[in-house]
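**Student:** This is the structure alone, sequence omitted:
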């Protein structure tokens, strides 16, 4: 799309001359005074406004004010006489992007327009990113409405605006990081960085450097100064996941930060003060660990100013249909295919399942279902044996039968029906709810099953 430029100048030869220069690259509109400019800005959306400072009637200052009051806020470039630079500086203080002195240097103008357009595009991208983050990590972005989840959300609403440290507990895969992000996004730190650190993923000898940074030469391999995550999160939130995995030495430095809000980089004695909020998460019992001597009790209480306990998926199964629909749609959109649907028997089986991997396991199931079923219907017999509460099926060679192999599942059902009917085909057909002729045809398809017909 061609960028649009509004040129406002009471001198006809100036505005038309600029139009001739710029119209090959831009869609150019002209106004001879501020009133005409106001009318055009209300009717059209401009990417750049180029205005003279001194004009009869309302001055270019009013054009700046009008442009910056618009929802799209186009950058304004001011043109002024050589001896009126002070007024141009004042215009920039009011929000103008930059200024040029007359007569206008066309090369400088073109460079300035390109810079202003790039700056505007960057601002738009940042605004869109914040909007996406607000949607993704707002309360509305958390899927489910079970009483257990509503208790968590109410607690997040209370703690988010505060400065208190938060400890999020719960089993692996329950969505602790999502809640930490929701706390950040709903706080007055939302425009600051959210910096996650997964403590279990880093060796103990590297974690301290990762968190607090180090000076050049402080240890073997420290070839330059490194800024730690605490400094990276200045003005925002630092999220320490699996905090129960950090060693006692790092715990001491972490406790000192929580007490004094200062720390030292490795290899330095200089105290660094940062405004960083700490949110931690764990799937372990830190209080029990403190009694065992593996986690400092004083640190536990500093971290646990406010505790949020995430419910396991098995304790909020009423959210399962909504969660499944959310993940199936998400992965279907990613893959450009239709999401599958689950018939009632399959949904009942999934609701009975204990989901030891929680939301993470459910996401995995949904992605698998989207890829393998491609808009089809998932029946209970399509599910893995674990979801049906059964042991995996084994064929005659000792091989585990795929739960998604319809033919093998039919063979299993036929085998079980014939066994229950002691080989009587009529009774077996009745058990399966099919005709004896259909059973006979199936046995012709799989003659190895016919040995049960005696």
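**Tutor:** Yep, that arrived. Nothing here was measured: the structure is a model prediction, and the numbers come from that model. Residues are numbered from 1 along each chain as shown.

**Student:** Start from the N-terminal end of the stretch 1-150 of the chain and give the strands.
**Tutor:** Listed in chain order, the strands of the stretch 1-150 of the chain (DSSP state E, counting those that start in this stretch) span 4-8, 27-31, 48-52, 76-80, 98-101.

**Student:** What sits closest to residue 178 if chain neighbours are left out?
**Tutor:** With sequence-adjacent residues excluded and distances taken as C-beta to C-beta, 6 or more residues apart in numbering, residue 178 is closest to residue 142, at 6.6 Å. All C-beta spots, glycine's among them, are computed from the backbone N, C-alpha and C.

**Student:** How is the chain divided into domains?
**Tutor:** 4-130, 141-311, 315-382, 406-452 (automatic domain parsing).

**Student:** Reformat these as TSV; add mean pLDDT, distance to residue 389 and mean neighbour count.
**Tutor:** TSV is the format used below for the domains of the chain (pLDDT from 0 to 100; distance: least, C-beta to C-beta, whole Å; neighbours: other C-beta atoms under 10 Å):
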stretch	mean pLDDT	distance to residue 389	mean neighbour count
domain 4-130	87	44	16
domain 141-311	92	20	17
domain 315-382	91	7	17
domain 406-452	77	15	15
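
**Student:** and those as JSON lines, adding distance to residue 388?
**Tutor:** Below are these laid out as JSON lines (distance: least, C-beta to C-beta, whole Å):
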{"stretch": "domain 4-130", "distance to residue 388": "43"}
{"stretch": "domain 141-311", "distance to residue 388": "21"}
{"stretch": "domain 315-382", "distance to residue 388": "5"}
{"stretch": "domain 406-452", "distance to residue 388": "11"}
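
**Student:** my guess is the residue nearest to residue 178 meets residue 153, correct?
**Tutor:** Yes - taking contacts as C-beta atoms under 8 Å, residue 142 lies within contact range of residue 153: 6.6 Å.

**Student:** Need the overlap of contacts for those two.
**Tutor:** With contacts defined as C-beta atoms under 8 Å, 6 or more residues apart in numbering, no residue is shared by residue 142 and residue 153.

**Student:** Please name every helix or strand in contact with the helix or strand harbouring residue 179.
**Tutor:** Secondary structure assignment for residue 179, by DSSP states H and E: helix 176-185. Judged by 3 or more C-beta pairs under 8 Å, 6 or more residues apart in numbering; DSSP states H and E, helix 176-185 is in contact with helix 106-137, helix 147-159, strand 166-169, strand 194-198, strand 237-241, strand 277-282.

**Student:** contact partners of the second one?
**Tutor:** Outside of helix 147-159, the residues that reach it under the criterion C-beta under 8 Å, 6+ apart are 139, 142, 166, 179, 182-183, 186, 306, 308-311, 315-316, 319.

**Student:** at 6 Å instead, please
**Tutor:** 139, 166, 182-183, 306, 308, 311, 315-316 (C-beta atoms under 6 Å, 6 or more residues apart in numbering).

**Student:** now the third one
**Tutor:** Outside strand 166-169, the residues that touch it by C-beta under 6 Å, 6+ apart are 159, 176, 179, 279-281, 303-304, 306-309.
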